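>>> quick check, what structure comes out for this input:
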Amino acid sequence: MLPNFVKPQDLPGLSVPEWLLHRSEVSPGAKILYAYLAAHTCAPDLEEFFVASGLHQRKIANGLGASQRSIRNWLRELEGNGLIRCDPGGWGKCSLYFFPAHRWQKNLQ
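Residues are numbered from 1 along each chain as shown. Sure, this is the predicted structure:
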């Protein structure tokens, strides 16, 4: 009897954009965080931005099986490379994560 197979495109989960996957400037953890934030975006308020919101760092850490410290480090890494912009939500509020257009993306357009 043959085993059951699943089509890879039917597997739920995160996708790291190919333009980011091959960049050595970004750590694997930061790439996965980028994919996680991108998967939690809502409709753009501004035409040039998509926003991930409603995510506390603790919730992100739990979702990725990582520590909050790792999440903070990866967020700084993503911001430092211009891949996201983080607007802190303040005490007890969620941060907003914006996805500005990036020069690395233009090779795919």
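>>> alpha carbons only for contacts and neighbour counts from here, please
Noted.
>>> ranges for the strands of this structure?
Remark: strands assigned in the chain by DSSP state E are 41-42, 51-55, 85-87, 95-98.
>>> out of these, deepest packed?
For those, the largest average neighbour count (mean count of other C-alpha atoms under 10 Å) is found in strand 95-98, namely a mean of 21.
>>> please save the CA atoms from it in PDB.
The C-alpha trace of strand 95-98 is given here as PDB (Å, rounded to 0.1, in the frame of the first residue of the first chain):
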ATOM      1  CA  SER A  95       2.900  47.800  18.400                       C
ATOM      2  CA  LEU A  96       2.200  48.500  14.700                       C
ATOM      3  CA  TYR A  97       4.500  46.900  12.200                       C
ATOM      4  CA  PHE A  98       4.700  48.600   8.800                       C
END
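>>> just checking: what are the partner strands of that strand?
strand 51-55 (antiparallel), strand 85-87 (antiparallel) (DSSP bridges).
>>> distance from the chain centre to it, please.
Offset of strand 95-98 from its chain centre (C-alpha atoms, centre = their mean, to the nearest Å): 11 Å.
>>> if I look at Ala101, how far off is Ala61?
Relative to Ala61, Ala101 is positioned 25 Å away (C-alpha to C-alpha, to the nearest Å).
>>> over to Ser15?
For Ser15, the distance to Ala61 - C-alpha to C-alpha - is 18 Å.
>>> equivalent analysis for Arg76, please.
According to C-alpha to C-alpha, Arg76 and Ala61 sit 15 Å apart.
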